[in-house]
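Enquirer: What would the 3D arrangement of this be:
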Amino acid sequence: MAGVLNGFAVIAVVIAVGYVIGRRGYLGENGREVLTKLAFHVATPALLFTTLAKADLSVILSPRLLVTALSTAAAAGVFIAVGVARRWGVGRTTIGALCSSYVNSGNLGIPIAVYVLGDASLVAPVLLFQQIVVTPIAMTVLDLSETGEKQSLWRRLVTPLRNPIAVGALAGVTVAATGWTVPGPVFNPVDLIGKMSVPVVLLAYGISLCGSSLPGGRGSDRVPVLLSVALKSAGQPAVAWALAAGVFGLHGASLLDVVVTSALPAAQNLFTYASRYGVAEKMARESILLSTLASVPALVVVAALLG
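Expert: Residues are numbered from 1 along each chain as shown. From the prediction side, this is the model:
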C-alpha cells in the first residue's frame, strides 16, 4: 500500500509544479510546446537508450512478457475495433489504443514494483515490450498518418529510423544484444540528458491542465476517453489475470506481478506523443488523468485479492 501511494504522490507533486508554472506563465506562451519537443526529440530517446543498453534481454522470453503482450494487444485491439467502427481516424485511434494499453512502467511502475512487489526488475518485461515493440510500431503509424502524400515502399520501411523515440530504443537494444559497453565519456552525458525525460514530461502535462475542463465531460472525446479508461483500469488487468492464471498457470507472487503491472495507469509520455503529432491531445490528457485516478483503487484491490 505504501508503495502505491508513494509512487502516485511523487507524480502528483511534479504535475502540480507544472500546473503552477502554467498558471504563472513562467515559461511563456510556448512553454509546454518547448518541453514537449525537448522530451520527444532529446530526453526520452536518451532515456530509452541508457535504459535498454543495460537491460537483460533474456526477460523477453519469460511467461510474463507473453501475458503482457497478449493483454496489451487485447485492450488495444478492442479500442481499435471501436475506433474503426466509429470512424475516429488513424491518429486518434492510435493514441486511444495506447491510452488503453500502454502502462506507466517507468516513473510509477518502478517504485510500485519496489514497494509492492519487492523487486524493481519485475517491471522489466512490460518496460522492454513497450519500448522495443509497441512504441516503434505506434510511432511509425503516427508518422505515416501525419502526411497525406503517397510514399514509396522504401520510405515507409525506413520511417521508424526517422523517429527519435524509435531510434533511441533500437540503439539501446542493439548495444544490449551485442554486449558492448559504451565508454563512460559517451554514456554518462546521454544518461544525464535522459534523466530529464520523466520530470519534463510531467511538467509539460501539468502545464496542459491549466484551463482544461473536467475530464470525461461532454464532447466528442467523452466516449473514447471513457472507453480507454475502462479498458486500461479494468479490461487489461482482467485479461492479464485470466491469461496468467488460466493459460500459463501462474500463481502466487508471479500472478500478482503481472496483474499489478497491467493495472498501472496510462503513461504520461503518451501525452507527449499526442502533442508532438498534434492529434487527440485533449483525449490523451483526460485518459491519462482518469486512468491514474482509477488505478489507485484498482491496484489496492489487486494487492488485497492476490497479495
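Enquirer: make it CA atoms for all contacts and neighbour counts henceforth
Expert: Noted.
Enquirer: burial count for Leu48?
Expert: 26 (other C-alpha atoms under 10 Å).
Enquirer: swap that for Val247, please
Expert: 10.
Enquirer: Give me the distance between it and Ala253.
Expert: Distance, Val247 to Ala253, by C-alpha to C-alpha, to the nearest Å: 16 Å.
Enquirer: How about the contacts made by Val259?
Expert: Pro237, Ala238, Ala240, Trp241, Val302 (C-alpha atoms under 8 Å, 6 or more residues apart in numbering).
Enquirer: Next SSE downstream of the helix or strand harbouring the first one?
Expert: When secondary structure is defined by DSSP states H and E, Pro237 falls within helix 236-242. Along the chain past helix 236-242, the next helix or strand (assigned with DSSP H and E) turns out to be helix 253-262.
Enquirer: Just the buried positions in the helix or strand following that following helix, please.
Expert: Per DSSP H and E, the first helix or strand lying C-terminal to helix 253-262 is helix 269-277. By 16 or more other C-alpha atoms under 10 Å, the buried positions in helix 269-277 come out as Asn269, Leu270, Phe271, Thr272, Tyr273, Ala274, Ser275, Arg276, Tyr277.
Enquirer: try stretch 276-296
Expert: So, applying 16+ other C-alpha under 10 Å, buried residues of stretch 276-296: 276-277, 279-292, 294-296.
Enquirer: Please state the offset of that stretch from the chain centre?
Expert: Its chain's C-alpha centre lies 11 Å from the corresponding centre of stretch 276-296 when counted by C-alpha atoms, centre = their mean, to the nearest Å.
Enquirer: Mind exporting the C-alpha coordinates of that stretch to PDB?
Expert: Output of stretch 276-296 as PDB, limited to C-alpha atoms (Å, rounded to 0.1, in the frame of the first residue of the first chain):
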ATOM      1  CA  ARG A 276       4.100  16.000 -31.000                       C
ATOM      2  CA  TYR A 277       1.700  14.900 -33.700                       C
ATOM      3  CA  GLY A 278      -1.000  17.400 -32.900                       C
ATOM      4  CA  VAL A 279      -3.700  14.700 -32.600                       C
ATOM      5  CA  ALA A 280      -6.100  13.800 -29.800                       C
ATOM      6  CA  GLU A 281      -4.200  15.900 -27.200                       C
ATOM      7  CA  LYS A 282      -7.400  16.500 -25.100                       C
ATOM      8  CA  MET A 283      -8.300  12.800 -25.200                       C
ATOM      9  CA  ALA A 284      -4.800  11.700 -24.200                       C
ATOM     10  CA  ARG A 285      -4.700  14.200 -21.300                       C
ATOM     11  CA  GLU A 286      -8.100  13.200 -19.900                       C
ATOM     12  CA  SER A 287      -7.500   9.500 -20.400                       C
ATOM     13  CA  ILE A 288      -4.200   9.700 -18.500                       C
ATOM     14  CA  LEU A 289      -5.600  11.700 -15.700                       C
ATOM     15  CA  LEU A 290      -8.700   9.500 -15.200                       C
ATOM     16  CA  SER A 291      -6.800   6.200 -15.600                       C
ATOM     17  CA  THR A 292      -4.300   7.400 -13.000                       C
ATOM     18  CA  LEU A 293      -7.100   8.200 -10.500                       C
ATOM     19  CA  ALA A 294      -8.900   4.900 -11.300                       C
ATOM     20  CA  SER A 295      -5.700   2.900 -10.900                       C
ATOM     21  CA  VAL A 296      -5.400   3.700  -7.200                       C
END
